[in-house]
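>>> Model the structure of this input:
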Amino acid sequence: MDNNQKLKGQSALVTGASSGIGKAVAIALANEGARVVVNYSSHPEHAEEVVDEIKANGGTAMIYGADVSKEDEVQAMFQAMFKEYGTIDILVSNSGIQKDSGFAEMSLADWQKVIDVNLTGQFLCAREAAREFLKRGVVPERSVAAGKIICMSSVHEVIPWAGHVNYAASKGGIMLMMKSMAQELAPHKIRINSIAPGAIQTPINKDAWETQEALDKLLTLIPYKRIGKPEDIGKVAVWLASDESDYVVGTTIFVDGGMTLYPGFASNG
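Numbers count the residues shown, from 1 in each chain. Predicted coordinates for the structure are as follows:
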């Protein structure tokens, strides 16, 4: 392992880390020296695979199963992390789900479940992390910040998305929750930011990229003309969690190949 690791000696929790973006973020943080809690809500075997990969690279990780929308499960997860690693330095709130339907057909249950996991789940995890950061303060040998929270948002915090009203509402909520938390907690040297991925090649959106026809259609929305990889998000998460981004507070970094540039207007509308 590299002696110049950006996150050496720090502890990180990544929610929804058993696959896709969360997995890539957990591995990227561990490769830079962070001890990582790999959270999952189902499929512990997938989380174990992530831990095995981290350990094979010389890193440290543990798995923990918890539904982030349940307060008692979130609090138990943080206590287990503190018992194992002593504290938390980095939270990446990545857990997210989709339950898509036309607006008029959307059930209250499908609305509520997406809000519960995507928005309330981020609130519950961020609150527990903030409590620990406030209690502990800055530990200079680890970081110049008392703690870092990275909210996983989406390009749909700004791009409306018909047929996905619950998801878009949850991501729009994350945007102002993140900024409001950042404004309140920045004086305590707690840095809070978001990453907003565009189209990333993960199992959750396989239909959008699996066939050449689907991929070509998707690429009309991406000026950079490639689909994102989970590792693209992992690299940004490492930077945001490190002291290299110490003056970045309360902002959303879009990692989207230009999807938010309204590509439909590229040929003058």
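>>> which regions of the stretch 1-150 of the chain lie under the pLDDT threshold?
1-3 (pLDDT under 70).
>>> For the chain, just list every one of the strands.
11-14, 35-40, 60-65, 90-93, 147-152, 190-197, 252-255 (DSSP state E).
>>> Dump those to TSV, plus distance to residue 84 and mean neighbour count.
All C-beta atoms are positioned from the backbone trio N, CA, C, and that covers glycine. Formatted as TSV, those follow (distance: least, Cβ to Cβ, whole Å; neighbours: other Cβ atoms under 10 Å):
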stretch	distance to residue 84	mean neighbour count
strand 11-14	9	28
strand 35-40	8	28
strand 60-65	6	18
strand 90-93	15	29
strand 147-152	17	27
strand 190-197	22	25
strand 252-255	30	20
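>>> May I see those arranged in TSV, with distance to residue 130 as well?
Shown next, in TSV, are the strands of the chain (distance: least, Cβ to Cβ, whole Å):
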stretch	distance to residue 130
strand 11-14	13
strand 35-40	17
strand 60-65	19
strand 90-93	9
strand 147-152	7
strand 190-197	6
strand 252-255	19
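>>> for those strands, which one sits closest to residue 140?
strand 147-152 (13.3 Å; Cβ to Cβ).
>>> neighbouring strands for that closest one, and are they parallel or not?
Here strand 147-152 is paired, per DSSP bridges, with strand 90-93 (parallel), strand 190-197 (parallel).
>>> So what's the gap between the last one and the chain middle?
I take that to be strand 190-197. Put simply, strand 190-197 sits 8 Å off its chain's centre (Cα atoms, centre = their mean, to the nearest Å).
>>> Ok, the shortest one next?
Between the mean C-alpha location of strand 90-93 and the chain-wide mean there is a distance of 7 Å, by Cα atoms, centre = their mean.
>>> what does stretch 172-180 give?
Centre to centre, stretch against its chain (Cα atoms, centre = their mean), the figure for stretch 172-180 is 14 Å.
>>> Over to stretch 191-202?
For stretch 191-202, the distance to the chain centre is 6 Å (Cα atoms, centre = their mean).
>>> same thing with stretch 151-167?
14 Å.
>>> how long is that stretch end to end?
Start-to-end span of stretch 151-167 (Cα to Cα, to the nearest Å) is 15 Å.
>>> same question, stretch 96-116
When the termini of stretch 96-116 are compared using Cα to Cα, they are 10 Å apart.
>>> With residue 267 as the reference, name the closest of the strands of the chain.
Nearest to residue 267, of all those, is strand 252-255, at 22.2 Å by Cβ to Cβ.
>>> tell me which strands and helices that closest one is in contact with?
strand 190-197, helix 230-241 (3 or more Cβ pairs under 8 Å, 6 or more residues apart in numbering; DSSP states H and E).
>>> Please save the CA atoms from the last one in PDB.
By that I understand helix 230-241. Backbone C-alpha positions of helix 230-241 (Å, rounded to 0.1, in the frame of the first residue of the first chain) are rendered in PDB as follows:
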ATOM      1  CA  PRO A 230     -18.700   3.600 -10.800                       C
ATOM      2  CA  GLU A 231     -14.900   4.300 -10.400                       C
ATOM      3  CA  ASP A 232     -15.600   7.900 -11.800                       C
ATOM      4  CA  ILE A 233     -17.600   8.500  -8.700                       C
ATOM      5  CA  GLY A 234     -15.100   6.800  -6.400                       C
ATOM      6  CA  LYS A 235     -12.300   9.100  -7.400                       C
ATOM      7  CA  VAL A 236     -14.500  12.200  -6.700                       C
ATOM      8  CA  ALA A 237     -15.500  10.800  -3.300                       C
ATOM      9  CA  VAL A 238     -11.900  10.300  -2.300                       C
ATOM     10  CA  TRP A 239     -11.100  13.900  -3.300                       C
ATOM     11  CA  LEU A 240     -14.100  15.300  -1.400                       C
ATOM     12  CA  ALA A 241     -13.200  13.200   1.700                       C
END
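>>> for it, the distance to its chain's centre please.
10 Å.
>>> One more: stretch 41-57?
For stretch 41-57, the distance to the chain centre is 17 Å (Cα atoms, centre = their mean).
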